[in-house]
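**Student:** quick one: sequence and predicted model below, then my questions.
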Amino acid sequence: MLDYGAKFESGFGYHEFLAKYGTDEQRRRWEAFHEQVMLSDAQRELLAGFTREMKVLCLAGAWCGDCVNQCPIFDHFAIVSPKIQLRFFDRDANPDLGEVLSVCGGARVPVVLFVSEDNFQVGWYGDRTLSKYRKMAAEQLGAACPTGLVPEDKSLMAAVIQDWLNEFERVQWVLRTSARLRKLHND
């Protein structure tokens with residue numbers, strides 16, 4: 001079994017990850033998307049209200065288009081909430097993490113692993129959100145495949161941000177209501 005605590009400590013912050021693994025062009029693309037990410041006041045308030053520390057290990061690739069369009073969102077979350085400790089891991093340099101986080105039998109990215117403050121796995125999520133998959137299905141499979149609500153292009157980023165925030169919030173509630181952690185924190 002993977003030692004999540006030791007693995008977390010070997011990860012990189014957002015800018016350090018890009019400096020180590022990204023080309024100039026890849027860094028430019030990530031930063032261009034980062035500048036477009038906007039959190040609403042309600043989203044900022046939610047993130048600022050997190051009370052439990054959560055370690056977030058993000059398996060990514062600087063070369064990956066899906067990572068470009070999602071990983072900067074996580075950095076925004078971590079900037080707003082001091083309870084989110086975020087580390088990035090290059091997929092190809094971390095096959096052990098890739099194996100644990102495979103999606104449909106493949107080494108997909110980005111995938112996020114949520115770990116408690118004392119290094120227990122809480123959950124994982126990736127490689128794309130429901131809103132993104134709905135849009136892809138509508139485009140690739142056509143009208144014969146009902147997908148539910150498909151966000152318009154202009155709101156896809158907002159929908160993906162909200163999808164990810166919902167997962168971060170869900171994990172925060174798992175941590176906050178954990179009997180073990182409530183006993184530890186006497187709350």
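**Tutor:** Alright, I've got the coordinates.

**Student:** counting neighbours, what do you get for Cys71?
**Tutor:** 25 (other CB atoms under 10 Å). Every C-beta, even on glycine, is put in place using the N, C-alpha and C of the backbone.

**Student:** hmm, it is touching Trp30, no?
**Tutor:** Yes. Cys71 is within contact range of Trp30, at 7.1 Å (criterion: CB atoms under 8 Å).

**Student:** how about the helices in this structure?
**Tutor:** 4-9, 14-21, 24-36, 41-48, 65-68, 71-80, 95-100, 130-141, 153-177, 179-185 (DSSP state H).

**Student:** check which helices and strands the second one sits against.
**Tutor:** By that I understand helix 14-21. Applying 3 or more CB pairs under 8 Å, 6 or more residues apart in numbering; DSSP states H and E, one finds that helix 14-21 makes contact with helix 24-36, helix 71-80, strand 84-90.

**Student:** just want the angle from the second one to helix 14-21.
**Tutor:** Right, helix 71-80. Following axes from the mean of the first three to the mean of the last three CA atoms, to 10 degrees, one obtains 140 degrees for the angle between helix 71-80 and helix 14-21.

**Student:** most neighbours per residue, which of the helices and strands packed on helix 14-21?
**Tutor:** Mean neighbour count (mean count of other CB atoms under 10 Å) peaks for strand 84-90 among these, with a mean of 22.

**Student:** what is the mean pLDDT for that strand?
**Tutor:** Averaged across strand 84-90, pLDDT comes to 98.

**Student:** how about residues contacting that strand?
**Tutor:** 7-8, 10-14, 16-17, 20-21, 47, 50, 53-62, 71, 74-75, 77-78, 97, 168 (CB atoms under 8 Å, 6 or more residues apart in numbering).
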